[in-house]
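Undergrad: Here is my input, please return the structure:
(one chain, ligands or ions: 1)
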Amino acid sequence: LLIDKGNHRHFMAKEIHEQPEVVSHTLASFLDMASGAIRLPELPFDWRSLTRLTITACGTASYAALCAKYWFERFARIPVEVDVASEFRYREVPLEPGGLAIVVSQSGETADTLAALRYCKEHGQHTLAVVNVPTSTIARESDVIVQTLAGPEIGVASTKAFTCQLAALASLAVGAGRARGALSAEDEGRLVQALIEAPRLMATALRLEHEIEALAKDLVKATDVLYLGRGTSFPLALEGALKLKEISYIHAEGYAAGELKHGPIALIDETLPVVVIAPFDRIFEKTVSNMQEVAARGGRIILITDEQGAEAAAIPTLKTLVMPQMPATVTPIVYSIPIQLLAYHTAVLMGTDVDQPRNLAKSVTVE
Ligand code: G6P
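TA: Residues are numbered from 1 along each chain as shown. Okay, the predicted model is just below:
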């Protein structure tokens, strides 16, 4: 297998641009395009008997897991617990035998995630691993493997593995919802249609690259950046902040927009860029209130929304990035693109080693 950067300056850029294709491949292993149904992997348990789902992961994969919580609760009506593996493994979590534990890992070798998986097995859980490397230790030790088809990811900061994890987890949640009778065949068909559209929407989002590159010239001057979002845009805010700090070394924090008034609002002044991830959805108006709080204190808002959102927000922003309109289910997958591009172009301007950021490792196999 030949691994090169193609026409790109960094592996990270190449991997960002590959996403419509690899997400499409990943989705193809779940979606039956003809019937509009989800094909679930063969499972040693019945979705209907599950009373609880436990998902653990580290780093970027833990944000995919957090996003999956919203999907499994909404589509499959299963209570979900999500935790970072390093906390989960030492908490002595009580688990009812017969439950399902999902671990999410690009490499399949992360020490803490592996330990969390082993803990769940020892405590009678069925185990399902969402991994990018099917020969990995985590894959070998899990009852069921769901492979993300991102291909080799070279950039230390995860991009395409993340969106493929999201695609796989969204598909699983819809499939689980159908299997549990929480979704009708019609609901399933509608959600499958939404997922099918995701790669095309991602390709459209990639066309914002020049605008984002220009915006990075502002971000590069910041010492801190705040990312806000609600619902599935909350994990994305966490991921956006992680991406920026990993590769540009600018301090960034992701927050649930509703938590703004419980702390981060104290930081807001005219020097603080605030990236707001807010597709026009059922909680959009709530996020608008938070933007008003930021604007009233002179904060510089970078709003990532769609046309309806841009119109409805009616708030002065430093920049509004207008995304295509899309069903709510796929927004985290598609909005990952501007989030990643913003971190990438800021890091390029900073002159950091984008593919090999200092102090970070691609795969953390020791504790
Ligand atoms: C490292 C990488 C991150 C990754 C995390 C979890 O910190 O730098 O990009 O998200 O490990 O890795 P995994 O292979 O388990 O997804």
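Undergrad: need the residues of this protein near the ligand, please.
TA: By the rule Cβ under 6 Å from any ligand atom, the part of the chain lying against the ligand is 58-61, 105-107, 110, 113, 156-158, 360, 362-364. The way it works is simple: take the backbone N, C-alpha and C, and place the C-beta from them, glycine included.
Undergrad: let's see it at 5 Å
TA: Counting by Cβ under 5 Å from any ligand atom, the chain comes close to the ligand at 58-61, 105-107, 110, 158, 364.
Undergrad: Take the residues you listed and lay them out in JSON lines including distance to V275, pLDDT and secondary structure.
TA: Formatted as JSON lines, these follow (distance: Cβ to Cβ, whole Å; pLDDT from 0 to 100; DSSP: H, G, I helix; E, B strand; the rest coil):
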{"residue": "C58", "distance to V275": "23", "pLDDT": "98", "secondary structure": "coil"}
{"residue": "G59", "distance to V275": "20", "pLDDT": "97", "secondary structure": "helix"}
{"residue": "T60", "distance to V275": "17", "pLDDT": "98", "secondary structure": "helix"}
{"residue": "A61", "distance to V275": "22", "pLDDT": "98", "secondary structure": "helix"}
{"residue": "S105", "distance to V275": "27", "pLDDT": "98", "secondary structure": "strand"}
{"residue": "Q106", "distance to V275": "24", "pLDDT": "98", "secondary structure": "coil"}
{"residue": "S107", "distance to V275": "28", "pLDDT": "97", "secondary structure": "coil"}
{"residue": "T110", "distance to V275": "27", "pLDDT": "97", "secondary structure": "coil"}
{"residue": "S158", "distance to V275": "19", "pLDDT": "97", "secondary structure": "coil"}
{"residue": "V364", "distance to V275": "27", "pLDDT": "91", "secondary structure": "coil"}
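Undergrad: For the residues you listed, pick the one with the most neighbours.
TA: Within those, neighbour counts (other Cβ atoms under 10 Å) peak at S105, which reaches 34 neighbours.
Undergrad: quick one, what contacts that residue?
TA: Residues near S105 by Cβ atoms under 8 Å, 6 or more residues apart in numbering: 57-58, 61, 113, 129-132, 136, 138.
Undergrad: tell me the phi and psi of the closest residue to D281 other than its chain neighbours?
TA: Spatial nearest neighbour of D281, excluding adjacent residues (Cβ to Cβ, 6 or more residues apart in numbering): A328 at 4.8 Å. Per-residue torsions, A328: phi -60, psi -40 (degrees, to the nearest 10).
Undergrad: looking at it, A328 is touching A278, isn't it?
TA: No - between A328 and A278 there is no contact under Cβ atoms under 8 Å: 11.8 Å.
Undergrad: which one of those two has more residues nearby?
TA: Between A328 and A278, counted using other Cβ under 10 Å, A278 has the larger neighbour count: 30 against 17.
Undergrad: which element is the nearest residue to that one once chain neighbours are set aside on?
TA: Nearest non-adjacent residue to A278, counting by Cβ to Cβ, 6+ apart: T287, 4.4 Å away. Secondary structure assignment for T287, by DSSP states H and E: helix 284-296.
Undergrad: Contacts for that helix next, please.
TA: Residues outside helix 284-296 that contact it (Cβ under 8 Å, 6+ apart) are 228-230, 233, 257-258, 260-261, 265, 268, 274, 276, 278, 301, 303, 309, 312-313, 315-316.
Undergrad: are any of those buried, and which?
TA: Among the contacts of helix 284-296, those classed as buried by 16 or more other Cβ atoms under 10 Å are 228-230, 233, 257, 260, 265, 268, 274, 276, 278, 301, 303, 309, 313, 315.
Undergrad: Looking at those, which are in helices?
TA: 233, 309, 313 (DSSP state H).
Undergrad: Model confidence for the residue lying closest to the second one once chain neighbours are set aside, exactly?
TA: When you say that, I think you mean G309. Of all residues not flanking G309 in the chain, F280 sits nearest, at 3.8 Å (Cβ to Cβ, 6+ apart). F280 carries a pLDDT score of 97 in this model.
Undergrad: what residues are up against F280?
TA: By Cβ under 8 Å, 6+ apart, the contact set of F280 is 305-306, 308-309, 312, 325.
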